[in-house]
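1. structure here, sequence nowhere to be found:
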């Protein structure tokens, strides 16, 4: 479908771009003179006419068209700047000319005739146009707010006002970089590629990823340079959060906390603190996770919106529970529940209670979670809670209750995911036959999912569960074959390859007899990925996972493959993003090697 282009007297054209952002172009200035119904060629190849009723009459006796229909069409054509005559329901040459102009610009068959389908198209198009204009205004307001926040602090002011230093790009030697690769030289090459990207939104996107990689590599001056090139202050705010998270991932807790402190936005700071708390807990550093959570608590008093506060407390409670701090977790759940119940607005109160219920389900109390949502009005919002409750029951060994809870989930794409998790827990408890039966139910449910990527994702989780069950069953050959068979049902080539690599690596860690077979399948699936950028991204992701699990040599092997693929990409946007991803992975591997050495 062609993007709508709307030309009004304000001469604004707004459209959505492929990356989810916006682009604007010049429209028709109201001062343009359209004499004698002439048409003017406008940017983007759109032929446009704005007609003014200068003729003796727009009445065409015996036209045979319904006056109400003609009037409705005239009204919508007028709103969109195509018709400037009298809105009287009378069909004539001016109305016909406006219809033709609209039909041509909208990619419709051009006949100049009023019809019900044309009226519907105009009405829908008008609504979309108004929505896009509102979104553009909202985006501009958000950008202004972000810019003012950045300007309000000396630490971030020069990210907006500073000048970009191009010197580092001029001194760059790419051939030397290929021979002796460092994160910095990869990122300089990525920055050079950015200069060739035409669309501003895509350029900003790439620069944000480059900035995060530079921060993780400790390249402060280069990161500052990249920030100055980003034209969207909101992306700079996101980049600041990414910097804090990357420092935490690298084990630099002090630097991560310092990065959070310069984020001039309360919500951004809270989100970053939550991420750091989660990262530290995942890395097994309970003390630093505790310290970060305590630091976060100080910011909660500044949160005025009760729904937001209840949501943050609920999320923090889950992190604390996973960090074996059950008493503190319970305290925050109780506080969140108290805040939620005091909200006067029924809709907002229910939303807050669902946040609390989800936290309870993820914190080992699924029964209490289900009691909270019992009788709630919007059952569709209960899905995450039912999923968490079923998983919690399965984890505690109550697979029968877990299965009955899963059966209450109407959406098959979610039910299949929960069933695959339950099966893995059943296998871990030695209930191999039951787990295979549960996986059969999950697979049957997944086959009925209508949305392609949702179906592919469900299949990928089921394939992993079949693999886990096969390992638990003593390296079962049939279950190994079934896991790869289900993996082949994943329609997305990158996701399919990723899952087969994950299956192979799990087999390697389990010292399975079938590792080599799975490894060859992974190599083949990687070759099937059509997008070079997707291939680089997937190889880097698997490399990072291997490093996290202690397989440093295996991580370096996949990094080398990713690097070879990345340097072959010539398209500027793909090249910039691929090189930034490889640089990010390289920095992570260097940190892992250092940790291992220590």
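-> On my side now, so go ahead. Here the structure is a predicted model, which means the values were calculated and not measured.
2. now the helices for the stretch 301-450 of the chain?
-> For the stretch 301-450 of the chain, the helices defined by DSSP state H, counting those that start in this stretch cover 306-322, 326-341, 346-362, 366-373, 383-395, 399-407, 412-428, 432-446.
3. buried residues, the third one. List them.
-> This means helix 346-362. By neighbour count with 16 or more other CB atoms under 10 Å, helix 346-362 contains the buried residues 349-362. Glycine gets a C-beta too; all of them are placed from N, C-alpha and C.
4. and for the fifth one?
-> For helix 383-395, the neighbour count (16+ other CB under 10 Å) marks 383-395 as buried.
5. now do that helix and helix 346-362, the angle between them.
-> 20 degrees (axes from the mean of the first three to the mean of the last three CA atoms, to 10 degrees).
6. mean confidence score for helix 383-395?
-> Summarised as a single mean, pLDDT over helix 383-395 is 82.
7. distance from the chain centre to it, please.
-> Put simply, helix 383-395 sits 24 Å off its chain's centre (CA atoms, centre = their mean, to the nearest Å).
8. what residues does it touch?
-> The contact list for helix 383-395, computed with CB atoms under 8 Å, 6 or more residues apart in numbering, reads 354, 357-358, 361-362, 364-366, 369-370, 373, 399, 401-403, 405-406, 408-409, 411, 414, 417-418, 421-422, 425-426.
9. the stretch 51-200 of the chain: helices as residue ranges?
-> Assigned by DSSP H, counting those that start in this stretch, the stretch 51-200 of the chain shows helices spanning 67-79, 93-105, 116-151, 154-161, 167-170, 174-179, 183-194, 200-216.
10. least reliable of these by average pLDDT, please.
-> Among the helices of the stretch 51-200 of the chain, helix 154-161 carries the lowest mean pLDDT (a mean of 48).
11. returning to what we had before: now, which of the buried residues of helix 383-395 sits nearest residue 475?
-> Nearest to residue 475 among these, counting by CB to CB, is residue 394 at 23.4 Å.
12. distance of the closest one from residue 441?
-> 13 Å (CB to CB, to the nearest Å).
13. likewise for residue 242?
-> Taking CB to CB, one finds residue 242 at 40 Å from residue 441.
14. those two: who's more crowded?
-> Comparing residue 242 with residue 441 by other CB atoms under 10 Å, the one with more neighbours is residue 242, at 21 against 18.
15. what number of residues lie near the residue nearest to that one when sequence neighbours are not counted?
-> In this structure, residue 242 finds its nearest non-sequential neighbour in residue 212, 4.0 Å apart by CB to CB, 6 or more residues apart in numbering. By the other CB under 10 Å criterion, the neighbourhood of residue 212 contains 23 residues.
16. tell me the contacts of residue 212?
-> 239, 242, 243, 246, 580, 584.
17. show me the contacts for residue 501.
-> By CB under 8 Å, 6+ apart, residue 501 lies in contact with 522, 525, 526, 538, 542.
18. right, and the last one touches residue 503 too?
-> No - the pair formed by residue 542 and residue 503 falls short of the contact definition of CB atoms under 8 Å, at 11.4 Å.
19. nearest residue to residue 332 other than its sequence neighbours?
-> Spatially, and ignoring its direct neighbours in sequence, residue 332 is nearest to residue 317 (4.1 Å; CB to CB, 6+ apart).
20. from residue 547, how far off is that neighbour?
-> Residue 317 is 30 Å from residue 547, where distance means CB to CB.
21. kindly report the same for residue 217.
-> Distance check for residue 217 against residue 547: by CB to CB, it reads 15 Å.
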